[in-house]
Each structure stands twice: as structure tokens, then as C-alpha cells.
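Enquirer: one predicted model, sequence on top.
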Amino acid sequence: MANFNTEVNINPDRGQKVENKPRVLKAAYGDGYEQRVASGINTRLEQWNLTWKNRTAAESNKIMKFLEDQGAVSAFDWYPTGYDIASTTTSATTKKLVDTSQYFTSKYLNTTVTDSGGTTATVTAIDSATQLSLSADILSSAETYTIYPYKKYVCDKWGVVDNLTGVRTVTATFRQVIEP
């Protein structure tokens, strides 16, 4: 599986825009009444609009080559800059990550947690804002951990603008997909 963060390792500019549009089935009734239900599982997928401004030809070519190699067909792993967490657990519970200094959201579901020894587990549920359920019992109290919130994406659209000789701006849209 290709990994944008490790293979390209060029962060997009600040001001990354993420869009979420949950898939919902709606039934409209008389007098304005409406019933809504989630349409299947994985109903809230992300779409990121990214820009890399004023990059050298080598940097822009590295980004473009990676996207061309995937060809909008092969999914790749990626997580946005600043969404990783490096912290310390505040208590120990079997197959849980408890950290009262954090505020966990659903974006960390199915991500990987690595303990101080390099052992990993997957986040299987968001129990609360300060507790995650894990696939394995890897953490003890006051142990450091890191979460790299990789998800799978495809890039259906990208482009490059030549600003000046050797200076370019690359734009791309990363669309989250669910697959093994």
C-alpha cells in the first residue's frame, strides 16, 4: 500500500480544507415532516482540497509522480499534518487508551496506536472524548503513545500551475475510501 506521508513527505500548505457530507436517506411527509436515517455504514467520508504553493520543480514533480502512479485507481494511506497525537496515558484499563488531556473524535476510529515499545493496536471504538477501545492490550498507566490517523484515499483530480521558472503550485483533491 502506497503511503503519501512517507513516500512523498511534503506537507500541503496551511489552510487545508476538509469537507464532510454524510450520506442520509430522507423520507418527506406532509406538512414539512421529514424522517432521516444513515445510508449504510461508513456514511461520513472526508474530502480534502489541498494546495502546495511555490514549490520547486523537484518537489512538485515528486507530488505529481506519486499521484500519477496511483492513477485515481489505487488507494493510498495519508493523514493531514497536525492530526497525529503524541501523549501519555492517564490510567490503565484492559484494551483501552485513557488520556484525560485529549478530546478524541470519530476521525481516530480505525487508526493505529503505537506504544513506547513500538507495539501497535487499532482503535476499534471511540468510548468517550478521553477513552478509546483498542484491538489489543498494549498500554499501561503513564505510558507514552502515538496515534498516526492514516486513512485510505484516492486522488481523482490534481493539477499544476507554473508560477515562475521552476516555481509551481500543485492542487489536489483527496477523497476518502473504505477498503481493506
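Expert: Perfect, I can see it now.

Enquirer: burial measure for Gln16, as a count.
Expert: 16 (other Cβ atoms under 10 Å). To be clear about C-beta, it is placed using only N, CA and C from the backbone, and glycine gets the same treatment.

Enquirer: distance check, the closest residue to Trp78 other than its chain neighbours against Arg36.
Expert: Computed as Cβ to Cβ, 6 or more residues apart in numbering, the closest residue to Trp78 that is not its neighbour in sequence is Phe4, at 4.1 Å. Distance, Phe4 to Arg36, using Cβ to Cβ, to the nearest Å: 34 Å.

Enquirer: the two: which has the busier surroundings?
Expert: Phe4 (23 against 10).

Enquirer: check contacts around that one.
Expert: By Cβ atoms under 8 Å, 6 or more residues apart in numbering, Phe4 lies in contact with 66, 76-78, 153.

Enquirer: could you pull up phi and psi at it?
Expert: Main-chain torsions, Phe4, degrees, to the nearest 10: phi -60, psi -40.

Enquirer: per-residue confidence at it?
Expert: Reported pLDDT at Phe4 in the predicted model: 94.

Enquirer: helix or strand for the residue nearest to Ser106 when sequence neighbours are not counted, which one?
Expert: For Ser106, ignoring the flanking residues on the chain, the nearest one in space by Cβ to Cβ, 6+ apart is Ile126 at 5.7 Å. Assessed by DSSP states H and E, Ile126 sits inside strand 120-128.

Enquirer: what about that strand, average pLDDT?
Expert: pLDDT averaged over strand 120-128 gives 94.

Enquirer: check which helices and strands it sits against.
Expert: Packing partners of strand 120-128 (3 or more Cβ pairs under 8 Å, 6 or more residues apart in numbering; DSSP states H and E): strand 112-115, strand 131-134.
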